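1. Below is the sequence, then the predicted model.
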Amino acid sequence: MFVSILGLAILFTLAFIFILVRSTRAKQKFLNLLEHEKTQVSIQKELVSVQKIQTEKVLSNLKDSIRYAMRIQNAVLTDPARIKEMLGSDFFILFKPKDIVSGDFYFVEKKGDFFIAAAADCTGHGVPGALLSMLAITMLNDIVLKSDTLQATEILNELLEKMVLAMQQNELINDQNDGLDITLLLLNKKEMIGQWSGANTPLLQNIKKTKELKEIRADKRPIGGYPDMGSFHEPSISIVERRQILSILR
């Protein structure tokens with residue numbers, strides 16, 4: 001009996017030691033796994049920190065580039081001091097780019113007796129829209145500079161031809177519908193004659209006597225590749241008084 005009891009005691013002791021060793025090993029394995037996971041988390045944190053710094057650097061460089069592009073775009077737009085000199089009166093321009101640089105632009109110029117003003121909205125916004133606006137401004141400057149007889153419709157028709165050619169928009173390309181909507185006004189301040197033509201953008205004329213705004217509708221087609229690329233028409237504009245506020249471009 002004593003031998004049996006001793007044998008059972010030894011057996012239970014060995015079983016306890018086995019369970020304890022196994023439990024210790026499992027615990028150590030868990031601790032090792034935990035330490036490994038901790039190390040991996042630490043490495044991931046480091047990677048995230050490095051990537052954050054790199055991303056912030058890229059974004060900073062990108063913003064600096066866009067801000068520099070904004071200065072270039074603003075330099076191409078007509079200077080307000082020059083506009084006041086051409087108009088000889090007070091005025092205001094509402095120009096609020098959505099993403100630092102703008103897909104919208106205004107164009108103001110004077111040639112001979114003509115005062116030329118335009119407001120345009122290019123496809124897209126931000127950098128793509130700004131690139132398109134720079135292209136359009138350059139084309140408008142070139143057209144006005146080289147034109148012998150200024151006609152609103154002729155300017156828009158020539159702008160359409162140049163845009164389609166520059167953007168390679170022909171009958172075989174249907175997915176390139178980049179372009180712009182524009183309203184273009186020409187005023188002969190000497191003869192008090194107005195010319196206007198618009199692509200998807202109307203003209204609002206302030207009638208001083210009746211204190212009403214008269215909307216002159218534009219052609220329902222953009223400057224750019226379009227199934228119906230006919231010529232733009234030129235509605236008549238009556239100008240009654242020399243000091244009348246002539247128009248508001250929208």
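-> Great, that's in hand. This is a predicted model, so every value here is computed, not measured. Numbering: from 1, shown residues only.
2. Need the three-state assignment for Phe30.
-> Three-state assignment for Phe30 (DSSP: H, G, I helix; E, B strand; the rest coil): helix.
3. and Pro128, how far is that from Asp99?
-> Pro128 sits 10 Å away from Asp99, going by CB to CB, to the nearest Å. Placement of C-beta: from N, CA and C, glycine included.
4. Oh, that last question was meant for Ala152, not what I typed.
-> 31 Å.
5. of the two, who's got more company?
-> Ala152 (23 against 13; other CB atoms under 10 Å).
6. what sits against Phe114?
-> Leu150, Leu186, Leu187, Asn188, Lys189 (CB atoms under 8 Å, 6 or more residues apart in numbering).
7. What count of nearby residues applies to the closest residue to the third one other than its chain neighbours?
-> It stands for Leu187. Excluding the flanking residues, the one nearest Leu187 by CB to CB, 6 or more residues apart in numbering is Phe115, at 4.6 Å. Counted by other CB under 10 Å, the residues lying close to Phe115 total 20.
8. Go ahead and report the secondary structure state at Phe115.
-> Once three-state DSSP is applied, Phe115 turns out strand.
9. you'd agree it is up against Glu191?
-> No: at 12.0 Å, Phe115 does not count as touching Glu191 under the criterion of CB atoms under 8 Å.
10. all strands of the chain, in order?
-> Taking DSSP state E, the strands of the chain run over residues 104-111, 114-122, 179-188, 193-199, 203-207, 212-216, 223-224, 248-249.
11. Looking at per-residue confidence, what score does Ser238 get?
-> As predicted, Ser238 sits at a pLDDT of 51.
12. Report pLDDT for the residue nearest to Leu187.
-> 88.
13. measure it to Lys208 for me?
-> 18 Å.
14. do the same with Glu154
-> 29 Å.
15. who has more neighbours, these two?
-> The residue with more neighbours, out of Glu154 and Lys208, is Glu154; 17 against 13, by other CB under 10 Å.
16. What sits closest to that one if chain neighbours are left out?
-> That would be Ser147: by CB to CB, 6+ apart, it lies 7.2 Å from Glu154.
17. quick one: that neighbour from Asn188, how far?
-> The separation that Ser147 has from Asn188, given CB to CB, amounts to 14 Å.
18. which ones are touching Cys122?
-> Gly103, Asp104, Phe105, Gly129, Leu132, Ser133, Ala136, Asp178, Gly179, Leu180 are the contacts of Cys122 under CB under 8 Å, 6+ apart.
19. just Leu156 next, same as before
-> Ile182, Leu184, Ser197, Gly198, Ala199, Ile223, Phe232.
20. what does Thr201 give?
-> Contacts of Thr201 by CB under 8 Å, 6+ apart are Ala119, Ala120, Asp121, Asp181, Ile182, Thr183, Ala218, Arg250.
21. Adding neighbour count, pLDDT and distance to Lys57 as columns, could you present those residues in CSV?
-> Output for these, formatted as CSV (neighbours: other CB atoms under 10 Å; pLDDT from 0 to 100; distance: CB to CB, whole Å):
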residue, neighbour count, pLDDT, distance to Lys57
Ala119, 23, 92, 38
Ala120, 25, 92, 35
Asp121, 22, 90, 34
Asp181, 19, 92, 38
Ile182, 28, 92, 39
Thr183, 26, 91, 42
Ala218, 22, 84, 46
Arg250, 13, 39, 41
